[in-house]
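Undergrad: One predicted model, sequence on top.
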Amino acid sequence: MKILVYNWRCWCNPEMGGAEIFTHEVAMRWVKAGHEVTLFTAAFPRCIREEIIDGIKIIRSGGRFSVFSAAKKFYLNRFRGEHFDLIIDEINTRPFFAHTFAKNDEVVVALIHQLAREYWFYETRFPLNHIGHYLEDRWLQKYVTIPTVTVSDSTYRDLAALGLKRLFIIPEGVNFEPLSQVSPKSSQPVIVYCGRLKKAKRPSHALRAFEKVKAEFPEAELWIIGDGPIRRDLEKVFCRGVRFYGSLGNVERRKLIEQSWVLVNPGVREGWGLNVIEANALGVPTVAYAAPGLRDSVQDNVTGFLVESGDIEAMADKIMALLRDGELRERFSRNALEYSRNFSWDVTARELLDVVMASAKSNE
């Protein structure tokens with residue numbers, strides 16, 4: 001098939017996240033299976049406007065907000081004549097509304113990892129935050145009859161509540177082989193945060209929880225892996241034992257996570273929590289907020305702990321419970337490692353195409 005994917009960012013974008021990893025992993029596998037994949041996405045400073053990576057043709061035009069109008073214009077001026085079989089409309093905050101301008105009977109499937117909801121107030125300013133929050137439900141309700149794929153029960157329920165009727169859940173994968181067994185950890189207690197340093201991810205909560213942990217475990221360290229717009233502000237919050245590693249390559253990042261005792265994820269909401277499953281595959285349990293996405297990827301009292309969203313005191317208490325109790329931590333680590341074996345990008349890519357094929361037949 002000829003497949004066109006719309007996403008507001010690509011995995012080369014400095015602001016990429018889990019959604020872009022999903023796109024990359026799935027598209028690579030489609031190309032290997034013999035399909036032709038084109039990704040249309042926003043440009044970013046010093047990017048290459050058109051290139052091929054891992055067999056995927058990438059076309060970049062427009063910016064963070066103008067990519068949506070650029071997508072429609074590019075389709076009418078160029079893509080319309082290329083006769084794609086499938087269009088993936090990947091929704092991050094605002095949809096592309098590809099079903100309204102696709103003119104060649106392409107099968108259009110929406111892909112949405114999470115609703116923005118609280119993100120509007122964490123990541124955008126007045127009045128855009130109120131406008132976006134007001135419009136989001138109304139935008140998504142235009143997809144009531146469009147086949148829509150999501151990655152967690154949480155987002156499925158959010159979309160069903162908006163009236164979307166053709167919903168499918170397809171889990172995310174892991175792009176490396178899980179460890180054969182839990183490996184030795186660092187000699188001192190290490191908590192690791194891994195993700196973008198942005199307000200909605202709430203890395204400041206990890207720092208504040210760590211301050212409480214430090215009172216009982218003075219030798220403990222917090223390793224912060226990732227970069228983002230609030231890094232400098234976080235670095236100003238002095239706390240002994242905190243290390244900022246910035247963005248790291250896959251190998252170096254995984255080596256650090258593998259040595260840690262527990263992953264902490266205080267995000268306001270996630271599509272799924274890809275870093276949770278990757279930490280699990282390295283034998284590391286998680287303490288996270290019981291937020292959408294995270295309550296799907298963390299098995300409470302099995303692969304980690306979930307605490308009420310925003311309760312920093314409870315997060316610190318659960319971290320310390322794992323640091324104190326070696327037997328509990330080892331059991332959670334083994335459970336996490338075993339749980340991670342359920343996830344495969346090969347399965348994700350195959351199941352997504354199965355949804356497409358079923359949707360195409362239902363439209364005939």
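TA: Perfect, thanks for sending it. Since this is a predicted model, take the numbers as computed values, not measurements. Numbers count the residues shown, from 1 in each chain.

Undergrad: Quick one: low-confidence residue ranges for the protein.
TA: Across the chain, the ranges flagged by pLDDT under 70 are 363-364.

Undergrad: Domain-wise, how is it divided?
TA: 2-173+344-363, 190-340 (automatic domain parsing).

Undergrad: right, so those: which one is the most enclosed?
TA: domain 190-340 (a mean of 20; mean count of other C-beta atoms under 10 Å). C-betas here are computed from N, CA, C, even on glycine.

Undergrad: how far does it stretch from start to finish?
TA: Counting by C-alpha to C-alpha, to the nearest Å, you get 21 Å between the two ends of domain 190-340.

Undergrad: Same question for stretch 288-298.
TA: The first residue of stretch 288-298 is 8 Å away from its last residue (C-alpha to C-alpha).

Undergrad: Let me know the helix or strand that V149 is in.
TA: strand 148-150 (DSSP states H and E).

Undergrad: Can you check which of the domains of the chain gets nearest to S180?
TA: Smallest distance to S180 across those (C-beta to C-beta): 8.8 Å, for domain 190-340.

Undergrad: To Q181, which of the domains of the chain lies closest?
TA: domain 190-340 (7.4 Å).

Undergrad: Quick one: distance of that closest one to the chain centre.
TA: Once both centres are worked out by C-alpha atoms, centre = their mean, to the nearest Å, domain 190-340 turns out to sit 15 Å from its chain's centre.

Undergrad: Please enumerate the strands of the stretch 251-364 of the chain.
TA: 262-265, 286-289, 304-307 (DSSP state E, counting those that start in this stretch).

Undergrad: Out of the domains of the chain, flag the one nearest S183.
TA: Here domain 190-340 is closest among the domains of the chain (C-beta to C-beta), at 5.7 Å.

Undergrad: quick one on the thing from earlier: so after the strand holding V149, what's the next helix or strand?
TA: Strand 148-150 is succeeded, C-terminally, by helix 153-161 (DSSP H and E).

Undergrad: Just list what that following helix packs against, helices and strands only.
TA: strand 148-150, strand 167-169, helix 294-297 (3 or more C-beta pairs under 8 Å, 6 or more residues apart in numbering; DSSP states H and E).

Undergrad: nearest to N77, of those?
TA: Per C-beta to C-beta, nearest to N77 of these: strand 148-150, 27.4 Å.

Undergrad: which strands and helices sit next to the closest one?
TA: strand 107-112, helix 153-161, strand 167-169.

Undergrad: And for the second one, what's in contact with it?
TA: Contacts of helix 153-161 from elsewhere in the structure, counted by C-beta atoms under 8 Å, 6 or more residues apart in numbering, are 112-115, 117, 140, 148, 150, 167, 169, 269, 271, 292-293, 295-296.

Undergrad: if we can go back for a sec, listing partners with orientation, what would you give for the strand holding V149?
TA: strand 107-112 (parallel), strand 167-169 (parallel) (DSSP bridges).

Undergrad: Report the distance from the last one to the chain centre.
TA: Which is strand 167-169. With C-alpha atoms, centre = their mean, you get 17 Å for strand 167-169.

Undergrad: what does that strand rub up against?
TA: P147, T148, V149, T150, V151, S152, D153, Y156, L159, A160, V355.

Undergrad: Tell me which helix or strand comes right after it.
TA: strand 190-194.
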